[in-house]
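Engineer: Here's my sequence, what's the structure:
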Amino acid sequence: MTSKQLNIKQEIGKVIKRFKFEELESAVLPVFPEFKWDKIKSKLVENHESFTTGHAIQIIDIFISKANLVNNVLKDRMTTLQVIDVSRHYNRKVWYGYEFLGNNDSNSITLKEIENKIKYNLKAHKIHVNAQAVEYNGLTFLAIKEESRRKKIITLPTYFSFLINENYFFCSKKGVSNEFLMAVTESLGYQNCKKIKLMGKDIHSLIKMLLSRKAATMEGRLLCQPLPFKRVPPALTTLGLDFTRHKQRKEYAIECYKNSAPIFEFLKVKSLHEKWKHKDAVEKLPNESIFIAIEFRSSDIIQFLKHLITQGILTLPLPCYAANILTLGRNDVMLKDNSQ
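Structural biologist: From the prediction side, this is the model:
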């Protein structure tokens, strides 16, 4: 086995390590039809080894060596494994949203056709790539890996994900080349695309936010007035008067954000023309305005906002951006002053 084959085989082993042992049969073994899952398990039993991914990789490594697969086949198998890994564990990456523009000229298209069209489109730009597509859990995942001219360099794929018949897609790279974007766009029958201010790890939640925006736009309720907050007198407790209104705030938070809300990890709020609030600053800079940006980060922004409401940190009724976050279809918003 050549040094290049050994390098590719090592990379294949690194990808397989990302899977749990119970995932190997359904996710990894279909990529290698040369050997069967029963053989791997029987070898583990024969060697008195536990059923773990690490031990299974040692057996798979031996089987790959015996199969005598050529470089191109190994490279294709590795790219396929990489995109399967991403399809099963997509929430390990941050995905950036895009929108297709124009009419869809390809109502029905196979994964193989998508792969071939992407290769053809990029070849026209003198970019030679390996493209692999898989479907999992209702989503299509695509890996595009540029072939390196330097033999010892193994390039990393750029991943895309989309829902067939919806005009949105996601990319795992923040700064992806325009050639790659247009190759994906044209291969799916659209004419152009644009970036949208939506990012997160849970692709299904991001799609849910975009579909909610589409429905709200059609129904004319994209921006609604925040729910009114009815203030009540302080509650009498065994410790005295409770001025926090904790229970009322908690009920208000639940009313604003129902159950099964989408999960996203980032919320960025910006304002171009904010006036100074501090008395000394207002006196010294009465006509000056400043740019302000606040970024929230959490494993679940909606739960985080609920906590801020309950603890009395967010003013009530809610700011417009927070009240409409579930229908905005964006988590990077710019505030505007309607009075201007």
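Engineer: And the residue nearest to the spatial centre of the chain, how close does it get to Ala124?
Structural biologist: Nearest to the mean C-alpha position of the chain, counting by Cα atoms, centre = their mean, stands Trp95 at 3.1 Å. Using Cβ to Cβ, to the nearest Å, one obtains 27 Å as the distance from Trp95 to Ala124. The C-beta positions use only the backbone N, C-alpha and C, and glycine is treated the same way.
Engineer: cool, and Thr110?
Structural biologist: Where Ala124 is concerned, Thr110 sits at a distance of 21 Å (Cβ to Cβ).
Engineer: Mind telling me what element Phe63 is part of?
Structural biologist: Counting by DSSP states H and E, the element that carries Phe63 is helix 53-67.
Engineer: The residue nearest to the centre of the chain is in contact with Lys201, isn't it?
Structural biologist: Yes: counting by Cβ atoms under 8 Å, a contact exists between Trp95 and Lys201, whose distance comes to 6.8 Å.
Engineer: who does the closest residue to Ile301 other than its chain neighbours bridge with?
Structural biologist: In space, and not counting its chain neighbours, Ile301 is closest to Leu267: 4.9 Å by Cβ to Cβ, 6 or more residues apart in numbering. Partner residues in beta bridges with Leu267: Phe296, with DSSP bridges as the criterion.
Engineer: Please verify my assumption that Leu267 contacts Arg330.
Structural biologist: No: Leu267 is not in contact with Arg330 according to Cβ under 8 Å; the separation is 9.6 Å.
Engineer: residues contacting the residue nearest to the centre of the chain?
Structural biologist: Listed by Cβ atoms under 8 Å, 6 or more residues apart in numbering, the contact partners of Trp95 are 161, 170-172, 199-201, 203, 206.
Engineer: and of these, the nearest to Val70?
Structural biologist: Set against Val70, the nearest of the contacts of Trp95 by Cβ to Cβ is Ser172 (28.8 Å).
Engineer: Moving C-terminal from the least confident helix or strand in the chain by mean pLDDT, which element do we reach first?
Structural biologist: Every helix and strand of the chain was ranked by mean pLDDT, DSSP states H and E. The lowest is strand 240-242, at a mean of 66. Under the assignment DSSP H and E, the closest C-terminal helix or strand after strand 240-242 is helix 246-256.
Engineer: which other residues reach that next one?
Structural biologist: Outside helix 246-256, the residues touching it (Cβ under 8 Å, 6+ apart) are 226-227, 229-230, 232, 235, 305-306, 309-312, 316, 318, 323.
Engineer: Same question for stretch 37-57.
Structural biologist: By Cβ under 8 Å, 6+ apart, the surrounding residues in contact with stretch 37-57 are 13, 16-17, 19-21, 24-25, 29, 59-60, 63.
Engineer: Quick check: buried residues in that stretch?
Structural biologist: Within stretch 37-57, the residues that qualify as buried by neighbour count (16 or more other Cβ atoms under 10 Å) are 40, 43-44, 53, 55-57.
Engineer: same thing with stretch 296-313?
Structural biologist: Within stretch 296-313, the residues that qualify as buried are 300-302, 305-306, 308-310, counting by 16+ other Cβ under 10 Å.
Engineer: How about residues contacting that stretch?
Structural biologist: Counting by Cβ under 8 Å, 6+ apart, the neighbours of stretch 296-313 from elsewhere in the structure are 244-246, 249-250, 252-254, 256-257, 261-269, 314, 316, 318, 322, 325-326, 331.
Engineer: Could you tell me the end-to-end distance of that stretch?
Structural biologist: Chord length of stretch 296-313, first to last residue, is 13 Å (Cα to Cα, to the nearest Å).
Engineer: Show me how far it is from its chain's centre.
Structural biologist: Averaged C-alpha coordinates place stretch 296-313 at 21 Å from its chain's average position (Cα atoms, centre = their mean, to the nearest Å).
Engineer: just stretch 77-92 next, same as before
Structural biologist: Between the mean C-alpha location of stretch 77-92 and the chain-wide mean there is a distance of 13 Å, by Cα atoms, centre = their mean.
Engineer: Please pull up the helix or strand immediately following the longest helix seen in the chain.
Structural biologist: Within the chain, and with DSSP state H defining each element, the longest helix by residue count is helix 71-88. Next along the chain after helix 71-88, taking DSSP H and E as the criterion, comes strand 95-101.
Engineer: Grab the nearest non-local neighbour of Glu147.
Structural biologist: Here the residue nearest Glu147, using Cβ to Cβ, 6+ apart, is His128, at 4.6 Å.
Engineer: On the pLDDT front, check that neighbour for me.
Structural biologist: Here, the pLDDT recorded for His128 equals 92.
Engineer: contacting residues for it?
Structural biologist: Each residue near His128 by Cβ under 8 Å, 6+ apart is listed here: 122, 146-147.
Engineer: Can you tell me which of those are buried?
Structural biologist: Members of the contacts of His128 that pass the buried threshold by neighbour count (16+ other Cβ under 10 Å) are listed as 122, 146.
Engineer: The contacts of His128 in helices, which ones?
Structural biologist: Leu122.
Engineer: For the contacts of His128, give me a markdown table that also has pLDDT and distance to Ser87.
Structural biologist: Compiled in a markdown table, these are given as follows (pLDDT from 0 to 100; distance: Cβ to Cβ, whole Å):
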| residue | pLDDT | distance to Ser87 |
| --- | --- | --- |
| Leu122 | 95 | 22 |
| Glu146 | 90 | 20 |
| Glu147 | 82 | 22 |
